[in-house]
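> The sequence and its predicted three-dimensional model are supplied below.
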Amino acid sequence: RLLGERRECRDGVDARLDLVQDLVDVGVDVPGSSIAVLAVAGADDELLVVAHYYPGESPGVISVLSRESLDVEFVLQGDFWWVTDLDVSADGTLLASIDPRRGVAAVWDLVERVPLSEFSLDCSDGCSRGVAISDDGTLVTSGNTVWDVASGATLLTGLTNGRVGDVEFIDAEHIVLADGMEARVVDLDSGGTSATLAGHGADIWAIDVAADGRFIATGSADGLVKIWDVRGGGSTPVMTLAGHGGTVWEVQFSPDGRYVTSVAGREQLDIDFVYEWPRDWEARTWDVSAAGSAEWLTAPTRDSDVAFSPDARSVVVAGADTGAAVWDLTENMAVVNVGGLAGASSVVAVAVSPDGSGIALGGVSPASPGEDNAAGWVAVFDAATGEMVTELVPPTPGLEPKDLEYSRDGDELALAAYGLARVWNTATWDVIFTP
């Protein structure tokens, strides 16, 4: 089972998938082995590194093959049990590997075909399954510890108290590591966390960084892939990709950053940290080119409602705290703030009139003293100024608006709520229907 390479081929996603298919077609000579982790290496990406192991038997093997012929060029000699990750320096000459069962990370010279350094993880069995080497090959990290390759010195350690699912360099000064359900960006000068990427519902096992260092992809046991903009703060994902049925074990950006390929099990299994894998896999490639562009809008909001303007040039977004905002999709910014009602804690329903002049909001205000239930309300606002036009339903305890909808001609506005259904004439705001 081929989990995908840790270094990108320069010729893109299609070549990576073709490479895996070639290996399946011809069969890499690893009889009896059950795991393969791939990396592309060499000054011209001419080498394929395959790490595999033999369950219950002798230590594993790291083989280096010709990418063109798939013939074994040489084998790296070492005491391996299970290599779970590989990474390659930018010039393709240095290879980093990690063996969580033995608790070691290693760096190899692929030109001289010899080991350069070996580092003890100095933590519990299986504390990291990820490894990364800096582009210039001077630093290597397991996520918990950072070492100098030449001297073997420990530069930073204790970066996490848990298990590291994966780790990548963002640039020479920053790494991003998977720490449980969060990913953290760590400053290598201070060892401090400069950004926390929180939003997955289960542990993160896969991380990749786009070539420009702006976007980070994470894959998790919740079956989701999330895209984060670290230059924009990184605390909220700009894209969530759903569809995998099991844990996502690998994510990879294409060289131009337009695509992300993810590898996952087809079903969710109760599996150990590193010693078991699913038996059925799938790979998906996603177009993530909208992330961070003018076509992709990220606005602070509650889990509530949004509505497009009729000309599709703006969108009304229920606010993160109160009221709503009109966001210009060209400028990617809020141009009108709609305050809602005084004391309103949240907006849960939004509608825009067909001519774009009016915004109807339904919200919930906190319970008043002596009341057991929060109070729902409905009001209409001027889309150009954000000022209230009329209050259709004053705060009413026990009322919870669920949806608002204008008729196609804009002559009626309908409300659906727990405890109330109503239709108004928008010229007079008289009630014309209620059950």
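That came through fine.
> ok, which stretches of the protein are helices?
Under the criterion DSSP state H, helices of the chain are mapped to 13-26.
> which residue is nearest the middle of it?
Lys226 (2.0 Å; C-alpha atoms, centre = their mean).
> if I read this right, that one contacts Ala198, doesn't it?
No: the criterion here is C-beta atoms under 8 Å, and Lys226 misses it with Ala198 at 10.1 Å. C-betas here are computed from N, CA, C, even on glycine.
> ok, now how distant is Val140 from Arg214?
24 Å (C-beta to C-beta, to the nearest Å).
> Please identify which of those two sits among more neighbours.
A side-by-side neighbour count of Val140 and Arg214, using other C-beta atoms under 10 Å, places Val140 first with 27 against 17.
> Tell me the bridge partners for that one.
Ile133, Trp147 (DSSP bridges).
> Run through the residues that contact it.
Ala96, Ala105, Val107, Ser117, Phe119, Val131, Ala132, Ile133, Ser134, Val146, Trp147, Val149 (C-beta atoms under 8 Å, 6 or more residues apart in numbering).
> Return the closest of the residues you listed with respect to Ala307.
Ala132 (43.5 Å; C-beta to C-beta).
> And for that closest one, the neighbour number?
26.
> pretty sure Asp411 contacts Asn425?
Yes: look at Asp411 against Asn425 with C-beta under 8 Å: they come within range, at 6.8 Å.
> List the contacts of stretch 408-420.
349, 351, 353-355, 360, 362, 376, 378, 380, 392-393, 396, 398-407, 421-427, 432, 434.
> can you check stretch 377-386 too?
309, 316, 326, 336-341, 344, 352-353, 356-365, 387-396, 399, 401, 404, 413, 415, 429.
> Which among these count as buried?
309, 316, 326, 336, 338-341, 344, 352-353, 356, 358-365, 389, 392-393, 395-396, 399, 401, 404, 413, 415 (16 or more other C-beta atoms under 10 Å).
> Identify those among the residues you listed that sit within strands.
316, 326, 336, 338, 352, 358-365, 389, 392-393, 395-396, 401, 404, 413, 415 (DSSP state E).
> Now stretch 157-169: buried residues?
Leu159, Thr160, Gly162, Arg163, Val164, Gly165, Asp166, Val167, Glu168, Phe169.
> what's the closest non-adjacent residue to Leu65?
Computed as C-beta to C-beta, 6 or more residues apart in numbering, the closest residue to Leu65 that is not its neighbour in sequence is Leu48, at 4.5 Å.
> brain fart, Asp287
Tyr259 (6.0 Å).
> what about the one you found, neighbour count?
17.
> Next one: it from Ala283, what distance?
12 Å.
> and if you look at Ala39?
In terms of C-beta to C-beta, Ala39 sits 17 Å off from Ala283.
> what about these two, which has more around it?
For Ala39 versus Ala283, the count of surrounding residues by other C-beta under 10 Å is larger for Ala39: 23 against 17.
> Run through the residues that contact the spatially closest residue to the more buried one that is not a sequence neighbour.
Counting by C-beta to C-beta, 6+ apart, Leu86 is the residue found nearest to Ala39 once chain neighbours are left out, at 3.9 Å. Leu86 sits next to Arg6, Val37, Leu38, Ala39, Val49, Ala51, Leu95, Ala96, Ser97, Val131 when contact means C-beta under 8 Å, 6+ apart.
> Can you name the residues that contact Ala202?
Ala202 neighbours (C-beta under 8 Å, 6+ apart): Met181, Ser220, Ala221, Asp222, Thr247.
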